[in-house]
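**Student:** coordinates only, sequence not included:
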């Protein structure tokens with residue numbers, strides 16, 4: 001498949017997933033939450049995601065042969081830590097400890113699965129394209145929602161600026177690298193895997209934050 005058509009296919013997969021979240025936005029978006037205690041729990045979970053994202057980008061540097069992609073990963077690791085600092089400062093300012101969070105099993109499984117990807121196209125497709133696109137989509141929904149308080153929106157406006165600025169980068173990387181049937185199939189499977197795992201993470205976060213179950 002032509003790489004342009006292939007990337008459009010992957011983007012379509014992710015956009016279809018995002019649309020399934022419109023009718024009932026998850027707790028991850030802060031929209032259905034009614035108390036600050038619930039919102040702090042979600043922010044702690046998302047803080048953990050920022051740190052794990054930095055860990056992943058950093059751990060992939062040595063095994064990424066493409067110099068341009070290696071540079072992008074190094075920049076992304078730094079950016080994720082900046083986002084983590086923003087969220088931890090907000091949590092601490094509300095009188096809570098930012099780093100006492102215990103990740104949900106589905107959250108741990110999602111990151112462990114992504115960490116195991118070995119090909120650059122898989123990593124960029126499954127992590128940067130799929131995961132960060134969904135996260136940004138839900139950030140934008142929270143910024144547009146009247147139910148989300150300003151103390152939540154303020155840090156995410158700063159984070160959203162970075163995410164929107166770099167939103168097309170994964171697509172450009174895949175246009176250059178996903179040029180063989182083997183790499184395209186691997187990237188497609190990585191996106192499918194990430195979306196399945198992301199959905200379970202969102203569901204378990206809902207159950208935990210809304211008091212419907214331990215995870």
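**Tutor:** It's in. Nothing here was measured: the structure is a model prediction, and the numbers come from that model. Numbers count the residues shown, from 1 in each chain.
**Student:** Okay, now the unreliable bits of this structure?
**Tutor:** Counting by pLDDT under 70, the chain contains low-confidence residues at 167.
**Student:** In it, which helix is the longest?
**Tutor:** Secondary structure of the chain read by DSSP state H shows that its longest helix is helix 181-209.
**Student:** quick one: buried residues of that one?
**Tutor:** 183-184, 186-188, 190-195, 197-209 (16 or more other CB atoms under 10 Å). (Each C-beta comes from the backbone N, C-alpha and C, glycine too.)
**Student:** Identify the residues contacting stretch 196-213?
**Tutor:** Contacts to stretch 196-213, defined as CB atoms under 8 Å, 6 or more residues apart in numbering, come from residues 17, 21, 26-28, 32-33, 38, 41-42, 45, 104-107, 109-110, 113, 130-131, 134, 214-215.
**Student:** of those residues, buried ones?
**Tutor:** 17, 21, 26-28, 32-33, 38, 41-42, 45, 104, 106-107, 110, 130-131, 134.
**Student:** Mark which of these are part of helices, please.
**Tutor:** 17, 38, 41-42, 45, 106-107, 110, 134.
**Student:** wait, which of those residues is closest to residue 83?
**Tutor:** Nearest to residue 83, judged by CB to CB, of those is residue 45 at 13.6 Å.
**Student:** Let me see the backbone angles for residue 34.
**Tutor:** phi -120, psi -10 (degrees, to the nearest 10).
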